[in-house]
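Colleague: Whatever this is, show me its structure:
(one chain, ligands or ions: 1)
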Amino acid sequence: MGMGMIMRSILAINNDWYYKSQYEQDMETSLELGGFERVNLPHANVELPYNYFDEKAFQIVSCYKYPLSLPKDCRGKVVYMHFEGVMTHASVYLNGSYAGEHKGGYTPFDIRLDELYNWELETNLITVVVDSTERSDIPPFGGQIDYLTYGGIYREVSIGIYDKVFIRNVKIETKNILKKSKALAIKLFVENLGNLQGKANVEVLLSERNGIEVHRNSFLVDLDEGVDECQIMLEDLQGIKLWDIDEPNLYELKLSLSIADVKDEYSCTFGFREACFTPEGFYLNNKKIKLRGLNRHQAYPYVGYAMPKRVQEKDADILKNELHLNLVRTSHYPQSKHFLNRCDELGLLVFEEIPGWQHIGNTEWKEVAKQNVKEMIERDWNHPSIILWGVRINESPDDDEFYEETNKVARELDSTRQTGGVRCIPNSRLFEDVYTFNDFVHDGVQPPLRSQREVTGLDRDVPYMVTECNGHMYPTKRFDQEERQMEHSLRHLRVLDAAYKNENISGLIGWCAFDYNTHKDFGSGDRICYHGVMDMFRISKFAAYAYSSQVAPEVEAVLEPVTYWARGERSIGGIIPLVVFTNCDYIEFQYGENEPKRIYPSSECYEGIPYPPAIIDFSVIKPEEAGSWGMIWKDAVIRGYFRDKLIVVKTLSEAPIPSDMLVEADDSLLSSAQKDATRVVVKLVDQYKNLLPFIDEIVKVSISGPVKLQGPSELVVKGGAIGFWVETLNIQGEAEITVESRILGQKSIRLSIE
Ligand code: GAL
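Modeller: Now for the predicted structure:
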């Protein structure tokens with residue numbers, strides 16, 4: 001750090017916090033640390049069982065403390081404490097003095113510390129009193145909600161040390177996207193606490209994500225007191241690569257601001273793209289794309305929301321690369337920045353919305369909701385992946401004044417994105433740019449979707465998207481019987497097909513990606529909504545393949561028959577009709593030693609979706625063979641062909657027996673610097689590596705080395721599989737995770753922690 005030219009420094013402070021789950025009187029002013037346990041962030045205020053718990057358990061007021069020692073040469077600087085997310089209300093104290101507070105668990109906030117900081121002390125004690133009760137003055141609370149919000153300082157915290165003038169935020173607006181020569185309008189929000197006035201120099205460096213420099217320039221901007229907004233333009237940018245779902249090209253913008261002897265530097269990532277919902281559908285960079293998505297809750301077993309970066313990122317990977325979606329809705333709140341950053345990197349589009357669920361509170365509550373709109377947009381406006389702001393409380397009734405306001409707030413902050421607002425009441429007033437509707441009409445019999453005009457009640461088409469379907473209409477567990485799984489899968493497929501067929505429906509976001517813990521008033525009584533196409537461990541149900549099979553076979557060959565392959569699992573027996581989710585040109589089905597028979601995808605039944613399933617019926621396999629009771633049962637082989645080349649084979653066993661236990665971790669290298677975690681999935685499989693769906697088995701997990709298991713160490717295998725996460729402890733080394741089954745022995749995997 002040069003004299004007088006100190007740039008910002010950002011210190012992560014996520015390790016070695018002190019925590020007490022029970023708030024006691026005067027804790028905010030007490031400097032006592034006795035009786036506190038040491039914890040790292042992200043942190044869940046209470047670790048929960050998998051299911052059947054009392055959801056009041058985490059609705060508590062708890063207390064966190066952190067002894068902060070700032071470098072001595074920072075005296076005279078501006079110091080902010082930055083919280084990424086604290087559920088639901090945080091009051092912050094420094095050495096017992098009140099420093100600030102924040103309402104709302106899903107958006108970040110900053111608390112200024114330097115004015116209270118005592119430089120004579122070796123350490124200054126930060127206290128955060130965290131109220132995780134469901135306070136009716138803060139959205140989403142006040143009514144019933146179908147999810148849990150958990151509690152604690154569940155996202156990261158950092159300290160920012162700045163000079164008296166620094167860049168608080170930057171908004172990058174890309175211009176002339178479809179022209180050869182593009183432009184950028186860069187809005188700088190400068191916090192001028194030194195009341196420096198006059199011209200500041202701003203140096204701008206634009207580069208590709210890989211570091212290749214694209215453009216460099218410098219500008220003089222006028223600074224005023226307070227928080228100042230100024231704009232600079234970069235014109236005539238050549239050779240720019242657009243961001244899209246197949247090639248998510250990202251750019252970095254580095255800004256250096258200097259005035260007098262003060263300097264600050266700020267960088268951000270963004271992309272060049274143009275997203276537009278029209279009455280004829282959705283366009284990305286002028287190319288029409290049918291949106292195919294699922295809703296995501298940011299919740300996990302045991303730790304609720306408190307998962308670190310890697311695990312947040314993994315969800316985006318699963319949605320994009322396993323489920324092959326092009327869109328996710330962050331139902332029903334702004335989600336982790338790590339998740340969104342990964343969506344940018346992967347080319348996964350995002351519909352982000354404010355916290356809320358059906359209930360609208362009083363005036364004070366609405367003010368918090370409007371504040372949420374602001375905080376969400378100001379945090380996330382540079383993400384190319386975000387294509388729509390959700391500015392309505394999910395499924396709330398009309399409230400014209402309120403929603404006129406939330407739309408106004410959004411448009412004033414960001415005129416480059418459209419607004420949506422998710423509703424379930426037809427004919428509701430449209431203040432948003434896109435009519436986003438939860439269409440649960442399909443009950444297995446009723447047609448899959450309503451027409452847009454039936455829903456909107458308007459006499460013209462408007463930009464329109466279906467934001468939920470299925471869910472509570474047909475809850476299905478990963479270990480449910482085959483017939484239910486098939487109907488579950490087909491319901492998703494039918495609605496998806498209908499969305500594809502309707503030109504004036506921009507796309508479909510099914511309910512939902514992953515099972516989630518919920519309140520007693522919802523779900524299956526065990527505090528779980530089994531609404532996911534994957535379970536809480538992100539292990540696929542058959543319905544997952546309704547989505548994943550819609551990808552081009554060049555990307556991944558998909559062939560998944562919706563069956564446990566048994567003569568007597570279904571009512572009456574047999575496996576017909578056998579739905580095979582696939583993106584192959586055709587499949588060949590071979591029963592026992594019979595001649596293989598060719599089956600083409602059933603495009604007559606599913607005219608909309610890119611890759612209809614192949615459906616095996618009695619013309620392929622005779623009732624006297626696989627169809628009826630009392631005949632011998634045999635293996636089957638299903639082969640998938642693309643351009644007449646065999647690309648995928650699946651073999652189903654006539655007599656499955658436990659043959660192997662597969663133990664796989666998502667990562668083999670973790671970090672000790674901050675809390676890190678990875679998932680391990682255990683699968684009990686037959687001779688052909690297919691899951692044993694009805695196996696009754698317990699596995700024991702034991703760990704040696706510097707990682708900690710989240711949740712219990714004895715796990716019940718369900719539907720042939722189970723998952724768990726392990727987290728790091730700020731210690732480097734090698735860890736060994738051993739999984740032991742009674743019938744399949746034990747397997748170990750190793751993790752390196754750097
Ligand atoms: C919707 C709601 C979702 C979820 C879903 C279940 O009404 O928006 O949060 O509860 O129902 O199907």
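
Colleague: So for Glu405, what's the nearest residue that isn't a sequence neighbour?
Modeller: Using C-beta to C-beta, 6 or more residues apart in numbering and skipping residues adjacent in sequence, the residue nearest Glu405 is Lys370, 6.1 Å away. The way it works is simple: take the backbone N, C-alpha and C, and place the C-beta from them, glycine included.

Colleague: One more: Phe339?
Modeller: Gln312 (4.4 Å).

Colleague: right, and the one you found touches Gln298 too?
Modeller: Yes. With contact defined as C-beta atoms under 8 Å, Gln312 counts as touching Gln298 (7.3 Å).

Colleague: So these two - more neighbours on which side?
Modeller: Using other C-beta atoms under 10 Å as the criterion, Gln312 and Gln298 rank with Gln298 on top: 26 against 23.

Colleague: Just the strands from the stretch 501-650 of the chain, written as ranges.
Modeller: Listed in chain order, the strands of the stretch 501-650 of the chain (DSSP state E, counting those that start in this stretch) span 507-510, 516-517, 528-529, 559-561, 578-582, 586-591, 597-599, 614-616, 636-642, 645-652.

Colleague: Just checking: what are the partner strands of the fourth one?
Modeller: Read that as strand 559-561. strand 578-582 (antiparallel) (DSSP bridges).

Colleague: tell me the mean pLDDT for the partner strand?
Modeller: Averaging pLDDT along strand 578-582 yields 98.

Colleague: What of stretch 178-195?
Modeller: Across stretch 178-195, the per-residue pLDDT values average to 94.

Colleague: Pull out the buried positions in that stretch.
Modeller: 182-184, 186, 188, 190-194 (16 or more other C-beta atoms under 10 Å).

Colleague: Could you list the contact residues of the stretch 251-400 of the chain toward the ligand?
Modeller: Applying C-beta under 6 Å from any ligand atom, we find that the stretch 251-400 of the chain lies next to the ligand at 331, 394-395.

Colleague: let's go with 5 Å and repeat that
Modeller: Residues of the stretch 251-400 of the chain lying close to the ligand (C-beta under 5 Å from any ligand atom) are Glu395.

Colleague: how about the helices in the stretch 251-400 of the chain?
Modeller: Using DSSP state H, counting those that start in this stretch, the helices of the stretch 251-400 of the chain run over 309-317, 337-346, 363-380, 400-413.

Colleague: Packing partners of the shortest one?
Modeller: In this structure, helix 309-317 packs against helix 337-346, strand 677-685, with contacts taken as 3 or more C-beta pairs under 8 Å, 6 or more residues apart in numbering; DSSP states H and E.

Colleague: from the stretch 51-200 of the chain, which residue is nearest to the ligand?
Modeller: Asp146 (3.5 Å; C-beta to the nearest ligand atom).

Colleague: just checking, that residue touches Cys512?
Modeller: No. Asp146 is beyond contact range of Cys512, at 10.5 Å (criterion: C-beta under 8 Å).

Colleague: quick one, which of these two is more surrounded?
Modeller: Cys512 (24 against 21).

Colleague: Name the residues of this structure found near the ligand, please.
Modeller: Going by C-beta under 5 Å from any ligand atom, the residues of the chain near the ligand are 146, 395, 471-472, 511.

Colleague: how about a cut-off of 8 Å?
Modeller: Residues of the chain found near the ligand (C-beta under 8 Å from any ligand atom) are 145-147, 295, 331-332, 357-358, 394-395, 422, 424, 438, 440, 468, 470-473, 511-512, 518, 522, 529, 531.

Colleague: taking those one by one, which sit in strands?
Modeller: Under the assignment DSSP state E, the residues of the chain next to the ligand contribute 295, 422, 438, 468, 529 to strands.

Colleague: Filter the residues you listed down to just the buried residues.
Modeller: The buried subset of those - by 16+ other C-beta under 10 Å - is 295, 422, 438, 468, 529.

Colleague: and these, which two are the farthest apart?
Modeller: Val422 and Cys529 (17.1 Å; C-beta to C-beta).

Colleague: got the angle for the lengthiest helix in the chain vs strand 578-582?
Modeller: Assignment by DSSP state H gives helix 482-501 as the longest helix of the chain. Relative orientation of helix 482-501 versus strand 578-582 (axes from the mean of the first three to the mean of the last three C-alpha atoms, to 10 degrees): 50 degrees.

Colleague: Give me the below-cutoff pLDDT ranges for the stretch 501-650 of the chain.
Modeller: 626-628 (pLDDT under 70).

Colleague: Right, and the ligand sits closest to which residue of it?
Modeller: Counting by C-beta to the nearest ligand atom, the stretch 501-650 of the chain gets nearest to the ligand through Trp511 (4.6 Å).

Colleague: Any idea which of the helices and strands packed on helix 309-317 gets closest to Gly705?
Modeller: strand 677-685 (13.4 Å).

Colleague: Next secondary structure after that closest one?
Modeller: strand 697-704 (DSSP states H and E).

Colleague: Roughly how far does the closest residue in space to Asp667 that isn't next to it in sequence sit from the ligand?
Modeller: Nearest residue to Asp667, sequence neighbours excluded (C-beta to C-beta, 6+ apart): Thr678, at 4.2 Å. According to C-beta to the nearest ligand atom, to the nearest Å, Thr678 stands 28 Å off from the ligand.
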